[in-house]
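Colleague: Here is my input, please return the structure:
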Amino acid sequence: MNPRRHSSVRWRIVLVYFLLVFIAMTIVSVFLMGRIEDYQLDSLTENITNTVNESNLLTSLGNYDELTPASGDIQKMLAESWTAGFSEELSVVDTDLNICASTNINLVGRSAADLFDSSLIVNCLTLDSSQRSNESDTQTGDGIPVKNLCFTIESEGRITGVVYVRSDLTNINNFLAQSKTIFIQAIILALVVTVVLGFILARSITDPINSVTQTVQKMSQGDFTTEVDVRSDDEIGQLAEMFNLLRRKLDFTLTEISNEKNKLGTILQYMADGLIAIDLDGSVIHVNPAARQMLHIAMDADVSRFSYHQIMGRLSDNLALEKIRENCDADGGQDIFRYGNAIIALRYDHFKDEEGTDIGIIIIMQDITERQKLEDMQTDFVANVSHELRTPLTTIKSYAETLLDGAVTDKETQDQFLEIINKETDRMTRLVKELLQLSRLDHRQEPMDIKEGNLIAMVNSVASKMTMTAHQKGQSIICDYDQNEDIRVMFDKDMIEQVLQNIFSNSIKYTQDGGQITVRTSHGDGVVKVSIADNGIGIPAESIPRIFERFYRVDKARSRAMGSTGLGLAISKQIVEEHGGSIVCESEEGKGTRMTLALPLVVKRGIRNVE
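Modeller: Numbering: from 1, shown residues only. This is a model prediction of the structure:
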């Protein structure tokens, strides 16, 4: 038990009660003090106003057209009627802010602007009754707080002056200060009582909890013999009874939980892959979602109705129950099998209870289809590169050895041999260059200078360049589109030109002499398409899905004889996809091939890097 922890809980309860009472008392005190202050000031204002209005002073003063000439009469009237029974200071001020008469004789004849709140007097003299304010709170020159009240004097509808009343607020402020002191003393007393009562209440709560905690600590150490002492029928007592019930349940189920622990720990360890757990008789215990997906078992299917043979044993002789039992006895086993289009690797072994007895077999499955495809592609790639390099190297070596041996003395034959060596060297150089470009494209390391440009102008340029090559075979290139149209796309000029030249070159190579190559363009839905169609030998249907693979050739002998590396279309596809586009092949053997290049149109004009 940690006394500091329980002490902390106890004092937190006291603190909560303390804060609640403190906040409540503070809010009430502030509210009452505000209301008392408002009441005192409102009462003072109301009393003064009623006194002035009920005395007919304003009516009497309104009988004078001008107040200054009658200042003596007014002073006499104030001395007889106001000096003795009115404790506030009352003054009569004319429109020139001169004090004509006052209950304080020392103020008579002086300027009200120097002694009183001049803005209040000016408001009463100049503003109409709906806008004027007739009271304010200020301090005298001696620092005495006063309430100022101003009443308008009217004679025949004309304002002739004001009655200015000042009342000393010192008594009210002293009363409010005493009230605040009383409230503060009450709050302090209430808080002291709250702390005492809160401590008593907190102790009545925390002491039973401490007793429960001590018992639980013993239970955590394996001692289930001690029961919690039930002292009351309230919520704390119910908690104690529940702990006693828990002790009995834990004592009963601890052995079962221990048996399940090893099983669940093993299953949870491999949840990332497919997992199947069976007992030694072949009954299925558990199949996780990944395994259900690999074996096409419905997610809501009740696997307890299936046997191991129905799920796994039927897939391969190596996966028969008897076979995997034997392998498990020899420290487990592993296997690879095909299921549909998937390649699945699995490992299996016994799982045991806490006594070390074998109670079942756990099978871990992993879908390695993509990994296997990658390994196959890597193997094919290495084999193709080796083959492509070996052929020209063999040719170069044989011709070079012939020349070095001096077997050829004829100048013309020597030049012919050197020309063959040069061509094979160029072929290897081209192959290595294309392999390096593919590698840079794969790793996004190929530098691109992407700018906005006119794709139609690019197509026109490439078609014009390839026309000479086509004429050598008696072929014609037909541009069936508006060659003056301006279709803007974002592209790397050199790379897209390489793609178009590769497509044109293939069309020329694999179209018979006298054939025809047709170029068309179209745009819509945010993309522009360029299709290059020929009436050449075409491509077999089974080869179309593979023509973009590296080193794939439909007719290997013919392609190699034409100097093809088998990488052109693979590079073209990579380049187009880097531009956010696509390239599609349509072909029919014996009738021709159409290659369609699609690139996204420029959304906005006027951006940077516009050609």
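Colleague: quick check: domain ranges of this structure?
Modeller: Following the assignment in automatic domain parsing, the chain carries domains at 55-168, 270-367, 372-441, 448-600.
Colleague: Make CSV out of those domains and add mean pLDDT and mean neighbour count.
Modeller: (C-beta placed from N, C-alpha, C; glycine too.) CSV is the format used below for those (pLDDT from 0 to 100; neighbours: other Cβ atoms under 10 Å):
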stretch, mean pLDDT, mean neighbour count
domain 55-168, 82, 16
domain 270-367, 84, 16
domain 372-441, 74, 13
domain 448-600, 85, 17
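Colleague: For the host helix or strand of L500, which helices and strands make contact with it?
Modeller: Per DSSP states H and E, L500 falls inside helix 493-509. Contacts defined by 3 or more Cβ pairs under 8 Å, 6 or more residues apart in numbering; DSSP states H and E place helix 493-509 against helix 455-472, strand 516-524, strand 527-534, helix 568-578, strand 592-600.
Colleague: Minimum distance to D273: which of the ones you listed has it?
Modeller: Minimum separation from D273 across the helices and strands packed on helix 493-509 (Cβ to Cβ) falls at helix 568-578, 31.9 Å.
Colleague: Please, where are all the helices along the stretch 1-150 of the chain?
Modeller: In the stretch 1-150 of the chain, the helices defined using DSSP state H, counting those that start in this stretch lie at 3-54, 57-61, 71-81, 112-115, 118-126.
Colleague: could I get the ones you listed as a markdown table with distance to D513?
Modeller: Putting the helices of the stretch 1-150 of the chain into a markdown table (distance: least, Cβ to Cβ, whole Å) gives the following:
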| stretch | distance to D513 |
| --- | --- |
| helix 3-54 | 97 |
| helix 57-61 | 126 |
| helix 71-81 | 133 |
| helix 112-115 | 118 |
| helix 118-126 | 110 |
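Colleague: Out of these, which gets nearest to N174?
Modeller: Going by Cβ to Cβ, the one of those nearest N174 is helix 3-54, 11.0 Å.
Colleague: so what secondary structure elements neighbour the closest one?
Modeller: strand 145-155, strand 158-168, helix 170-220.
Colleague: Tell me which residues touch E497, please.
Modeller: Neighbouring residues of E497 by Cβ atoms under 8 Å, 6 or more residues apart in numbering: M458, S461, V462.
Colleague: one more time with 7 Å, if that's ok
Modeller: If you count contacts by Cβ atoms under 7 Å, 6 or more residues apart in numbering, E497 has them with M458, V462.
Colleague: hmm, back to that, with A400 as the reference, name the closest of the helices of the stretch 1-150 of the chain.
Modeller: helix 3-54 (89.7 Å).
Colleague: now the closest one, how far from the centre of its chain.
Modeller: 46 Å (Cα atoms, centre = their mean, to the nearest Å).
Colleague: again with stretch 99-117
Modeller: 73 Å.
Colleague: With only the CA atoms kept, save that stretch in PDB.
Modeller: Output of stretch 99-117 as PDB, limited to C-alpha atoms (Å, rounded to 0.1, in the frame of the first residue of the first chain):
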ATOM      1  CA  ILE A  99     -23.100  79.700  -9.800                       C
ATOM      2  CA  CYS A 100     -26.000  82.200  -8.900                       C
ATOM      3  CA  ALA A 101     -26.900  80.700  -5.600                       C
ATOM      4  CA  SER A 102     -25.800  77.700  -3.400                       C
ATOM      5  CA  THR A 103     -26.500  76.100   0.000                       C
ATOM      6  CA  ASN A 104     -22.600  76.400   0.300                       C
ATOM      7  CA  ILE A 105     -22.200  80.200   0.400                       C
ATOM      8  CA  ASN A 106     -18.500  79.800  -0.600                       C
ATOM      9  CA  LEU A 107     -19.500  78.700  -4.100                       C
ATOM     10  CA  VAL A 108     -21.700  81.700  -5.000                       C
ATOM     11  CA  GLY A 109     -20.300  83.700  -7.900                       C
ATOM     12  CA  ARG A 110     -17.700  81.200  -8.900                       C
ATOM     13  CA  SER A 111     -17.600  79.300 -12.200                       C
ATOM     14  CA  ALA A 112     -19.300  75.900 -12.300                       C
ATOM     15  CA  ALA A 113     -16.800  74.700 -14.900                       C
ATOM     16  CA  ASP A 114     -14.000  74.800 -12.300                       C
ATOM     17  CA  LEU A 115     -16.000  73.100  -9.500                       C
ATOM     18  CA  PHE A 116     -18.600  70.800 -11.000                       C
ATOM     19  CA  ASP A 117     -18.800  68.200 -13.800                       C
END
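Colleague: returning to that earlier point: among the domains of the chain, which is nearest L239?
Modeller: domain 270-367 (32.6 Å).
Colleague: mind checking how far the closest one is from the chain centre?
Modeller: Using Cα atoms, centre = their mean, the offset of domain 270-367 from its chain centre is 40 Å.
Colleague: With stretch 446-457 instead?
Modeller: Distance of stretch 446-457 from the chain centroid (Cα atoms, centre = their mean) equals 35 Å.
Colleague: That stretch spans what distance, first to last residue?
Modeller: 24 Å (Cα to Cα, to the nearest Å).
Colleague: do stretch 303-323 as well
Modeller: Start and end residues of stretch 303-323 are separated by 22 Å (Cα to Cα).
Colleague: Repeat that for stretch 586-593.
Modeller: 6 Å.
Colleague: ok, and what's touching it?
Modeller: A533, D534, N535, G536, I537, G538, I539, P540, I544, C585, R594.
Colleague: Of these, which is the nearest to T469?
Modeller: Out of the contacts of stretch 586-593, the member with the shortest distance to T469 (by Cβ to Cβ) is D534, at 13.2 Å.
Colleague: Distance to T194 added to the domains of the chain, as a markdown table?
Modeller: Below are the domains of the chain laid out as a markdown table (distance: least, Cβ to Cβ, whole Å):
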| stretch | distance to T194 |
| --- | --- |
| domain 55-168 | 36 |
| domain 270-367 | 55 |
| domain 372-441 | 74 |
| domain 448-600 | 72 |
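Colleague: Select, out of the ones you listed, the one closest to T215.
Modeller: domain 270-367 (27.2 Å).
Colleague: Serialize the helices and strands packed on helix 3-54 to CSV and add fields for distance to L246.
Modeller: Below are those laid out as CSV (distance: least, Cβ to Cβ, whole Å):
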stretch, distance to L246
strand 145-155, 70
strand 158-168, 75
helix 170-220, 8
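Colleague: looking at these, which is closest to I478?
Modeller: Of these, nearest to I478 by Cβ to Cβ is helix 170-220, at 88.9 Å.
Colleague: which helices and strands sit right next to the helix or strand just after that closest one?
Modeller: Per DSSP H and E, helix 170-220 leads on to helix 235-269 as the next helix or strand towards the C-terminus. Judged by 3 or more Cβ pairs under 7 Å, 6 or more residues apart in numbering; DSSP states H and E, the packing partners of helix 235-269 are helix 170-220, strand 342-352.
Colleague: Recalculate using a threshold of 8 Å.
Modeller: Using 3+ Cβ pairs under 8 Å, 6+ apart, helix 235-269 sits against helix 170-220, strand 274-279, strand 342-352, strand 358-367.
Colleague: Could you list the paired strands of the last one along with their orientation?
Modeller: Pointing back at strand 358-367 there. Paired with strand 358-367 in the same sheet, following DSSP bridges, are strand 274-279 (antiparallel), strand 342-352 (antiparallel).
Colleague: can I get the helices and strands packed on helix 235-269 in a markdown table with distance to S91?
Modeller: A markdown table is the format used below for these (distance: least, Cβ to Cβ, whole Å):
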| stretch | distance to S91 |
| --- | --- |
| helix 170-220 | 19 |
| strand 274-279 | 101 |
| strand 342-352 | 106 |
| strand 358-367 | 103 |
